[in-house]
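Trainee: got a predicted model here, sequence first, then my questions.
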There are 2 protein chains.
Amino acid sequence: MDIKNKRIAILAPVAWRTPPRAYGAWETVAGNITEGLVARGWKNVTLFATKESITNAKLVGFVERGYEEDKTQIPLVSTCLHISKCLQRADEFDLIHSNFDYLPLTYLPFIKTPMLTTIHGFSDPDILRVYHDHKDTYYASISDSDRDPDLPYLATVYNGIDLSNLTFRETPGDKLVHYGRIHLDKGTHLAIEVAKKCGRDLIIAGIIQDQEYFDKLIKPHINDTSIKFIGPVDPVQRNALLKEAYAVIHLNTIPERFGLVMAESMAAGVPVIAMDLGSCREVIADGQTGYLVNSVDEAVERVGKIERIERKKCRQRVEENFTIDCMVEGYEKVYEEIFRKEAQKKRPSK
Amino acid sequence: MDIKNKRIAILAPVAWRTPPRAYGAWETVAGNITEGLVARGWKNVTLFATKESITNAKLVGFVERGYEEDKTQIPLVSTCLHISKCLQRADEFDLIHSNFDYLPLTYLPFIKTPMLTTIHGFSDPDILRVYHDHKDTYYASISDSDRDPDLPYLATVYNGIDLSNLTFRETPGDKLVHYGRIHLDKGTHLAIEVAKKCGRDLIIAGIIQDQEYFDKLIKPHINDTSIKFIGPVDPVQRNALLKEAYAVIHLNTIPERFGLVMAESMAAGVPVIAMDLGSCREVIADGQTGYLVNSVDEAVERVGKIERIERKKCRQRVEENFTIDCMVEGYEKVYEEIFRKEAQKKRPSK
C-alpha cells in the first residue's frame, strides 16, 4: 500500500485558529505539517483544529474559535473536549500526530491507533511526569538539544518555515535587528548592549511578553533614533524589517528549543549572532551563516566580522534544512518508521 | 447478588489529602462517602485519591500529595494523570462515582463501566459544554436548586456532615455568629449590618478568601468588642464558637449550592437566618429551624423572633437529613437505580 494513502490525523491545539491570524506557534506548525502533507500527495489527511480553521485537508473541529481569541471559554474545557472528541474517532486513522503537548497522552491508553507526539517544548519540568508515564509511544523532538534523556525519540524534525514574505537580499542593510517575543529569555536587553558597544543602530520588534521586563530594562533605552522599538510585525512588516538588517542579534539567555527567528533571518540572507545555548548551534552554521557566542563582548567582536558571512549561504541553509517541505519530508520518514514498527507488533512472534 | 458486594470506585480530587487536613470540600465529601459505604457494610470500595490519603476502604493513588499542598506540581498534570490512571482500571469496577468535576467525563467514552458524577457546583457556565456533551451518563445534584435544567439527574443527594465536634446545646449563647469563607458571596458585610441594627455582638470566623473585600468592607468594622474576627476555626474551635451563638447569620448574596455552614449550625442547635437564595430553603425549615429572609431588615426583624425556634428541631433536622449516613443511604439508592438501568441495557430487547 502506498504510504501516502494512510489515514493521518493531525491534532492541533485550539488556542488559536490554524493557521493563526498572528501569534500561535504550535498551531502554525500543525498547519504547516497538514498543508505540507497534502502538497506532497498524501490523500487522507485530517486536521483536528478549531472549526474556523483553514486547510486543504479535511477539517474536523468541535470548538468554534480559539480560546485565546474568545475569552468566554475556559481553556481546559475547550482543550479536553477537543482532545476527547478527536480521539473518540481514533479508529478512523492509521496514525495520530499530536502537536498538542502532554494532555492527549493521558487518553492514549484507551485507544488503539498509534500516536506520534512532537514535543514543542517542556514548559515546566513537572510535565515530564506525563511523558515518563508514556514511554511506549512515539516522540519527535524539534531540535537535538531540546530532548529529555529519558524519552525514546524516533527523530528530531526541525520546524519548517514558510518562505513566502522572506525575500532573499544580497545587499545588507546597516542596522542591527532584534525581534521575537520581548522577554528576558530572548535577551532583548543584551541586544541593546551590543548595539551601544558597536555604535550601530538597533531596531527592536515583537510582542511584549513581559511588561515589567520591557518597562525596566528596555524602554529606558529607546530613543527613536539609535534604539527603536516598532512593536509586533506581521510577515510583510517582518520582510521590510529584515531588509534593514546588517545582522540579527539573538542573545537568548536560556537554551533555545528551536529558534524560528534565526531561521527566518537566514532565509532573508541575514546572518545571525546567537548565544550558544540550546538549539542555536543546530540552526546556525557557526562562521558560515552567523556566529555562536558566549557573551556580549564576543557578540560585539563578531559584528565586526559579519562581512565574512556569505548571505547566499544563509538562505541556502534554510532551503536545505528548515523549509516546510524539509519538515514534512522528515515526518514522512518518521511515519514510515512507525508503520514499520506497528506492522512488526502485529506480526505473530515465531 | 447483594448490592453491597458490588465493586465501587470513589474518585476524589487530588488538590488535597482525603480527608483534608483543613480545607478541601470535594475531598471531604468523597472521603465521607467512602467511609460511609464501608461503615454500612460495602465490601469492595476503592478510594482513588492522593497516595497519602487515609481510608478504611482500599486506597489507590498515583499522586503523592495534593497539588495545593505541594506547589511544585502543575495542577493539570496531577489531575489528568490521576484521572487517566484511575480510569485505566475501570474494568475492575461495577461503578465509578466521580466527585471530580467535569474532566473525568471526557474519558468516559473510552470506558465501559458506568459513572455517576456528583456535580458539586458549576464554577463557570462554560463548563456546561462538557456536561451537555455527556447526557447519557449519571448525575447527582447536591441540592434541588443547584441543577442545570438540561441535565438528566437521577437524584439530589445532600452533603452529609460529620456530627462529631458538633455538640447539641439546648441553651443559646448571646452572640450573633457568621462563619465560613469571608467573601462577598457569603455576605459577611450584611451580617455586620444585621448585628449593628440589632445591637447584638457579632463573632466572625473563617478563611479570608477575598482580601480586598475583607480590607474594604469588613476590617473597618472590627473593634474586638461588638464586632470580633477570630480567623479560621478548626472543628474543635467551631464547636466552641457555636456555643456562643444566639443565631447564625448567613445572608449569602448568590444562590447557595448546598450550605455546609447552615447544616453545621443547626446540628449544634443554633437557628440560622439565611437569604432565600438557592438551596437555603432546602436546608432550613423556614420558621422551624431558622428563617429565610430577603433583606437585612427582615433578618433584623427575625433575630427578634429567634426564641420561637426550638433548638431541638434544628438538631433533629440535621440528624434526619444531613448526616453522612443519610448521604450514603441516598447514594445507595442511586447506585441501585444505576445497576438496574445498566442491567436493563444488557438485557436483549424483545
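Mentor: Yep, it's here.

Trainee: biggest helix in chain A by residues?
Mentor: With residue count as the measure and DSSP state H as the assignment, chain A has helix A:324-346 as its longest helix.

Trainee: check the offset of that one from the chain's centre.
Mentor: For helix A:324-346, the separation from the chain centroid amounts to 20 Å (computed by C-alpha atoms, centre = their mean, to the nearest Å).

Trainee: what's it packed up against?
Mentor: helix A:25-39, strand A:95-98, strand A:115-119, strand A:138-141, strand A:153-156 (3 or more C-beta pairs under 8 Å, 6 or more residues apart in numbering or on different chains; DSSP states H and E). All C-beta atoms are positioned from the backbone trio N, CA, C, and that covers glycine.

Trainee: right, so those: which one is the most enclosed?
Mentor: Comparing these on average neighbours per residue, with mean count of other C-beta atoms under 10 Å in any protein chain shown, the densest one is strand A:95-98 at a mean of 26.

Trainee: just the CA atoms of that one, as PDB, please.
Mentor: What follows is the C-alpha trace of strand A:95-98 in PDB, where atoms were taken according to Å, rounded to 0.1, in the frame of the first residue of the first chain:
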ATOM      1  CA  LEU A  95      -1.700   7.400  12.800                       C
ATOM      2  CA  ILE A  96      -2.500  10.400  15.000                       C
ATOM      3  CA  HIS A  97       0.200  13.100  15.000                       C
ATOM      4  CA  SER A  98      -0.300  15.300  18.100                       C
END
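
Trainee: now that strand: how far from the chain's centre is it?
Mentor: Here the centre of strand A:95-98 is set off from its chain's centre by 18 Å, with C-alpha atoms, centre = their mean.

Trainee: try stretch A:218-230
Mentor: Per C-alpha atoms, centre = their mean, the centroid offset for stretch A:218-230 relative to its chain is 28 Å.

Trainee: show me which residues of chain A sit near chain B.
Mentor: A:72-74, A:76-78, A:80-81, A:83-85, A:87-88, A:102-103, A:106-107, A:109-111, A:124, A:126-127, A:129-130, A:133 (C-beta under 8 Å from any C-beta of the partner chain).

Trainee: just the buried ones from those?
Mentor: The neighbour-count test (16 or more other C-beta atoms under 10 Å in any protein chain shown) marks A:73-74, A:76-78, A:80-81, A:83-85, A:87, A:102-103, A:106-107, A:109-111, A:126-127, A:129-130, A:133 as buried among the residues of chain A next to chain B.

Trainee: among those, which are located in helices?
Mentor: Per DSSP H, the subset of these in helices is A:76-78, A:80-81, A:83-85, A:87, A:129-130.

Trainee: wait, what's in contact with A:Arg129?
Mentor: With contacts defined as C-beta atoms under 8 Å, 6 or more residues apart in numbering or on different chains, A:Arg129 is in contact with B:77-78, B:81.

Trainee: switch the cut-off to 7 Å
Mentor: Each residue near A:Arg129 by C-beta atoms under 7 Å, 6 or more residues apart in numbering or on different chains is listed here: B:77, B:81.

Trainee: surely A:Pro19 and A:Thr28 touch.
Mentor: Yes. Contact criterion C-beta atoms under 7 Å: A:Pro19 and A:Thr28 qualify, at 5.9 Å.

Trainee: for the longest helix of chain A, buried residues please.
Mentor: A:324, A:326-328, A:330-332, A:334-335, A:338-339.

Trainee: which one of those is nearest chain B?
Mentor: A:Ile338 (21.6 Å; C-beta to the nearest C-beta).

Trainee: mind listing what the closest one touches?
Mentor: Residues in contact with A:Ile338, defined by C-beta under 7 Å, 6+ apart, are A:95, A:114, A:116, A:138.

Trainee: can you add distance to A:Ile161 and give those back as JSON lines?
Mentor: Output for the contacts of A:Ile338, formatted as JSON lines (distance: C-beta to C-beta, whole Å):
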{"residue": "A:Leu95", "distance to A:Ile161": "24"}
{"residue": "A:Pro114", "distance to A:Ile161": "28"}
{"residue": "A:Leu116", "distance to A:Ile161": "21"}
{"residue": "A:Tyr138", "distance to A:Ile161": "24"}
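
Trainee: closest one to A:Lys6 out of the residues you listed, please.
Mentor: When the contacts of A:Ile338 are compared for distance to A:Lys6 (C-beta to C-beta), A:Leu95 wins out at 6.5 Å.
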